[in-house]
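Undergrad: Give me the fold of what follows.
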Amino acid sequence: MSERLVKYTPPSWASHLQHIPKHFVQLATKPTPIQRWNFPGTPEQFEVYVKRGDLTGSLMTGNKVRRLEFVIAEAMERSCKHILTTGTVTSNQCRATAVACAELGLKAHLFLMSKEKEVSALSSDGNMLINRMVGADMCVIDTLSYTEACTHMEKLAKQIKESTGELSSIIHNRDSNLIGIWGYIQCFQEIRDQGIELDDLVCVSGTAATVSGLAIGNYLTGSGYRVHGIKVGMSCDPEEVLNDMLDGLGITGVTATDIASFHGGYEGLGYGINQPQELEFIGQVAANTGVILDPTYTGKAAYGLQGLLNDKPEVFKGRRVLFMFSGGAPSLHAAAVSSALLPHATKSQ
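TA: Numbers count the residues shown, from 1 in each chain. Next up is the predicted model:
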C-alpha cells in the first residue's frame, strides 16, 4: 500500500521546524466546515462557531484521524505490517486505528483497558462493533496505566518480530510523539485558509495533542487568537505535553503558558464519568443544534465552554469563539452510554 503515501509539504511558517514528516496518508475528508453555532446558554456579547470534526469520515470521524494520517504513514515508511494501540473499550483512538488499518491492509492490535477477563465478555456495540467488523485483533488488559499498557504492546511487538519477522508500530494514546502533532499543525493552517474572523479557539484537553498543535500554529503564524484547552480529567499534564512538543520541534524562547490557557474545574466526577447535568446539556445541544457531542471528551469540553462564557468571560480575547468539535459519535451507540444519556435528553424549546 505504499502508493497511498503522499509527499508532505508543511505550511511555510512551519518549514523550519524539526521532525517534519516526509509523507502522510489521506484518510480524512477535509476541510471540515466551520459553522455558526446556536450554542445553548451563550451570552449576548458572544458569537460561537463550531468546526465540525465529526465530518472527517463516517467511520474515522474525529480528531484522531488527523493524527493517524501522519503516524501510520511513518509506520508504512518503515515497512511495518502491524499497528498496536491502547485505550478504553469505548476508545475513539482504537476504533479509528482499526478502521484505518483495515483500509490500508495493515493489522490492528488493540489493547483494551477493562476489568473483563476476555474480549468475548465485552459488548458488541458502539466502537466495539466497528472494531469487530473490521477484524482488529483485540485483548483486554486490567490496567488504567498507559505505561503498563505500553509494556504489553512492546511485548507483543517483540513476539511478532520473533515469530514472523514483521515489524510493528506502537501508537501511544497520550500522543506525546512528534509525528502525530503535525495533524493538528496542519489543522491550524486549514482554519486559516477558511478565512473566518475569530478571536478565540477552544478545544478539549485530554492528551493535549489538539490544543498543542493549535497553540503552536497560532504562535508561529502570529495569528493572534487565544487558544484554550478545557481539561476532561485525564491524568496527563497538558502544559508538560505542550512544553515537550515545543522542545522536540526546536521552538525556543516560549513556554506552554505563553501560548495556551488550560481550564480545569469541568472534569466533574472524572475522566469518562458523567453527572446528570452534563448529560442533560449534551441532550440540549443535540435537540437545539443537531450537533451530537460525546460524553467523554467533547461533551465535557462544551459544558466547560458554556461555564466559561457565563462565569469567566474575561478569559476570552474577544467575542468570536470557535469550538473544535472533535467527533466521537460512534461511542454513543454503546448500550451502557445510550441508556445513561437518553433519560437526560431534552426536547428543543
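Undergrad: count of residues packed around residue 315?
TA: 14 (other CB atoms under 10 Å). Where you see a C-beta, it was placed from the backbone N, CA and C, and this is true even at glycine.
Undergrad: ok, it - contacts?
TA: Counting by CB atoms under 8 Å, 6 or more residues apart in numbering, residue 315 makes contact with 228, 261, 263, 308.
Undergrad: List just the nearest of these to residue 139.
TA: Of all these, residue 139 sits closest to residue 263, with 36.1 Å by CB to CB.
Undergrad: tell me the pLDDT at the closest residue to that closest one other than its chain neighbours?
TA: Leaving aside its chain neighbours, residue 263 sits nearest to residue 230 (5.1 Å; criterion: CB to CB, 6 or more residues apart in numbering). Looking at residue 230, its pLDDT reads 96.
Undergrad: ok, now how distant is residue 230 from residue 289?
TA: Per CB to CB, to the nearest Å, residue 230 is found 18 Å from residue 289.
Undergrad: Between those two, which has more neighbouring residues?
TA: More neighbours surround residue 230 than the other of residue 230 and residue 289, with 28 against 17 (other CB under 10 Å).
Undergrad: Tell me what the more buried one is bridged to.
TA: Beta-bridge pairing of residue 230 under DSSP bridges involves residue 204, residue 263.
Undergrad: Confirm for me that it is in contact with residue 267.
TA: No: look at residue 230 against residue 267 with CB atoms under 8 Å: they stay out of range, at 9.2 Å.
Undergrad: which residues are common contacts for those two?
TA: By CB under 8 Å, 6+ apart, the residues touching both residue 230 and residue 267 are residue 300.
Undergrad: quick revisit: quick one: which of the contacts of residue 315 sit in strands?
TA: Of these, the ones assigned to strands by DSSP state E are 228, 261, 263.
Undergrad: okay if I get these as CSV plus distance to residue 279 and neighbour count?
TA: Listed next are those as CSV, based on distance: CB to CB, whole Å; neighbours: other CB atoms under 10 Å:
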residue, distance to residue 279, neighbour count
228, 23, 27
261, 27, 20
263, 21, 18
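Undergrad: Now do the SS call for residue 82.
TA: strand (DSSP: H, G, I helix; E, B strand; the rest coil).
Undergrad: Could you pull up the contacting residues of the residue nearest to residue 263?
TA: Residues near residue 230 by CB under 8 Å, 6+ apart: 202, 203, 204, 205, 262, 263, 266, 300, 301, 304, 305, 308.
Undergrad: The third one - how many residues pack around it?
TA: Looking back up the chat, that one is residue 204. 29.
Undergrad: What of the second one?
TA: For residue 203, the number of neighbouring residues by other CB under 10 Å comes to 30.
Undergrad: ok, now the last one?
TA: Counted with other CB under 10 Å, the burial measure for residue 308 works out to 21 neighbours.
Undergrad: what about the closest residue to it other than its chain neighbours, distance to residue 224?
TA: Distances taken as CB to CB, 6+ apart put residue 315 closest to residue 308, at 5.9 Å, once the chain neighbours are dropped. From residue 315 across to residue 224, the span is 16 Å (CB to CB).
Undergrad: One more: residue 9?
TA: Taking CB to CB, one finds residue 9 at 25 Å from residue 224.
Undergrad: just residue 206 next, same as before
TA: For residue 206, the distance to residue 224 equals 26 Å [CB to CB].
Undergrad: So if I had to pick from those two, which one is more boxed in?
TA: For residue 206 versus residue 224, neighbours defined as other CB under 10 Å are more numerous around residue 206 (28 against 10).
Undergrad: How about the more buried one: what's its closest non-neighbour residue?
TA: Nearest one to residue 206, counting by CB to CB, 6+ apart, is residue 234 at 4.9 Å.
Undergrad: Name all residues that make contact with the one you found.
TA: 206, 207, 271.
Undergrad: And stretch 196-207, what's buried?
TA: For stretch 196-207, the neighbour count (16 or more other CB atoms under 10 Å) marks 198, 199, 200, 201, 202, 203, 204, 205, 206, 207 as buried.
Undergrad: Likewise for stretch 214-226?
TA: Across stretch 214-226, burial judged by 16+ other CB under 10 Å covers 214, 215, 216, 217, 218, 219, 220, 221, 223, 225, 226.
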